[in-house]
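Visitor: Below are the sequence and a predicted model; questions follow.
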Amino acid sequence: MPHASSAQVASRQPTHIRRLLQERLDTLARTHQVPGAQLAVQVDSVTYTVQTGEADVTTGEMFTADTAVPLGSVTKPYTAAVVQLLADDGDLALTDLVGTHVPELRRAPHLTVRQLLSHTGGLPTGPDSDDAAALTPARYLSAHCSGRDTVCAPGSGFSYSNAGYVAAGRLIEAVTGMSWQEAVRALLLEPLGTVPAFLGDRTPARPVAVGHSVNTTSGRVLPVQQNLAPVEAPAGALMASALDLVALGRTLIGHGPRTVLTRDAAEEMRRPVPGAAPGVLADAWGLGLALFQQGAQQWCGHDGNAQGTSCHLRAEPDSGTVVAFTSNANNGTALWHELAEDLDRITGVQVPSAARPPERGRAVALPQCAGTYHNGTVEYRVAADADGALTLTVNGDTPAPLVCYPDLTCELVDPASGRRHPGGRFVRDPESGAIDRVQISGRTARRTVTA
């Protein structure tokens, strides 16, 4: 698609741009069968906000600009920002060992706060929400984040970890004397002008969207229940609108209220952390922030999926541009990718919706990668056939074929549709050169059995 020239975009009035955004969001929501969505774009000091569809197909309640959507992992930048605020005030240091504040992590003696927030601490992803439902933070961390559970040495690699953000919430509680919810409300949400809303609120102070499961083949749309365990709140319990995410994005790039993050603190959060190679998730990682390279520009943000929702944030510090999208459907991510491509034509903003795809050669057989790998309670079993072609099974689910390349990266093949999706990569031990880890969707697993 050709890029819109600056003259073309400049010739459009804000009302015209808003109309184009509304028309495109309406069309894509119908195409992807997404019940409802919000888009907010701040560009050239103008904020455009549009929304479409229903917040709940059962009641017919419509999406408004104020409707709060379960953010899933987009909660993590909020949690990381609270920790950065505490560091900026001198209540802790990013170089502090987490175990000095969180007793349950004293058995992870080399884990720092910076590594915790950037997923470079080697912690496992954590148990399923159902298994964590009855756990306190102390019991959760003691049971699932001991030294024997680490997937790599702190600072030596990237592994996306919900458990790390359970630990970050525990850190906030230890330093502030407040619960995570109280701290994020007082230190961040209220200064940003965001009306607080959390999963589990019995009487929300604002309208809330329901997640939906969409079967695009049959057209069936069903509401779904959120099942996040209370202990996992710092990793995924916030609900907010696209406009709320724009307010967060502005402060993350130093364009927000000075009463929240200073420019120096925001820059610290956006600085790429050594050892953070997130693979398919992003081009690099900061403190609670995925980092995306778009030409000479480095964007920051995060993606999140709760039960039946898909939410995305991107912000670029040089131009001050922020783009936020929320949807209440499990297939909202496909809408986001297509919408992001259209933003250049409408607004002149080229926003990276995903990490840059690697340059790959021809597919090859990698039978030497076959074996069993573990990340906490998650088992990845890689099997090779007689020709060396690989399949991946996660916790006994249906095997998915892998298409592998000479650089040890791989694509996952959907067994039902045959479509290829960015998968991950195999990793060599730096000393022996042997394949000792696999990274799938940003999560790293240690090799425990060689096939």
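Guide: Noted; the coordinates are in hand.

Visitor: can you map out the strands along the stretch 201-350 of the chain?
Guide: Ranges of strands within the stretch 201-350 of the chain are 212-215, 220-223, 239-240, 284-285, 290-294, 297-304, 310-316, 321-327, based on DSSP state E, counting those that start in this stretch.

Visitor: Give me the residues contacting the fourth one.
Guide: Which is strand 284-285. Applying C-beta atoms under 8 Å, 6 or more residues apart in numbering, the external contacts of strand 284-285 come out as 118-120, 158, 272-273, 276-278, 291, 293. Yep, even glycine has a C-beta here, placed from its N, CA and C like the rest.

Visitor: Save those residues as JSON lines, and put in distance to Ser218 and pLDDT too.
Guide: Shown next, in JSON lines, are those (distance: C-beta to C-beta, whole Å; pLDDT from 0 to 100):
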{"residue": "Ser118", "distance to Ser218": "41", "pLDDT": "98"}
{"residue": "His119", "distance to Ser218": "37", "pLDDT": "98"}
{"residue": "Thr120", "distance to Ser218": "42", "pLDDT": "97"}
{"residue": "Phe158", "distance to Ser218": "38", "pLDDT": "96"}
{"residue": "Pro272", "distance to Ser218": "44", "pLDDT": "97"}
{"residue": "Val273", "distance to Ser218": "44", "pLDDT": "96"}
{"residue": "Ala276", "distance to Ser218": "41", "pLDDT": "92"}
{"residue": "Ala277", "distance to Ser218": "40", "pLDDT": "92"}
{"residue": "Pro278", "distance to Ser218": "35", "pLDDT": "95"}
{"residue": "Leu291", "distance to Ser218": "39", "pLDDT": "98"}
{"residue": "Gln293", "distance to Ser218": "39", "pLDDT": "93"}
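
Visitor: Longest strand in the chain, by number of residues?
Guide: Of all segments of type strand in the chain, defined using DSSP state E, the longest is strand 46-56.

Visitor: quick one, that strand and strand 321-327 angle?
Guide: Using axes from the mean of the first three to the mean of the last three C-alpha atoms, to 10 degrees, the direction of strand 46-56 lies 10 degrees away from that of strand 321-327.

Visitor: farthest residue from the center of the chain?
Guide: Distance from the C-alpha centroid of the chain peaks at Ala386, with 37.4 Å (C-alpha atoms, centre = their mean).

Visitor: Kindly provide the distance from that residue to Thr398.
Guide: 21 Å (C-beta to C-beta, to the nearest Å).

Visitor: Who is the residue nearest to Ala282 when sequence neighbours are not counted paired with across the strands?
Guide: Residue nearest to Ala282 in three dimensions, not counting chain neighbours: Ala290, with 3.6 Å by C-beta to C-beta, 6 or more residues apart in numbering. In this entry, Ala290 is beta-bridged to Trp285, Gly301, by DSSP bridges.

Visitor: Cool, thanks, talk later.
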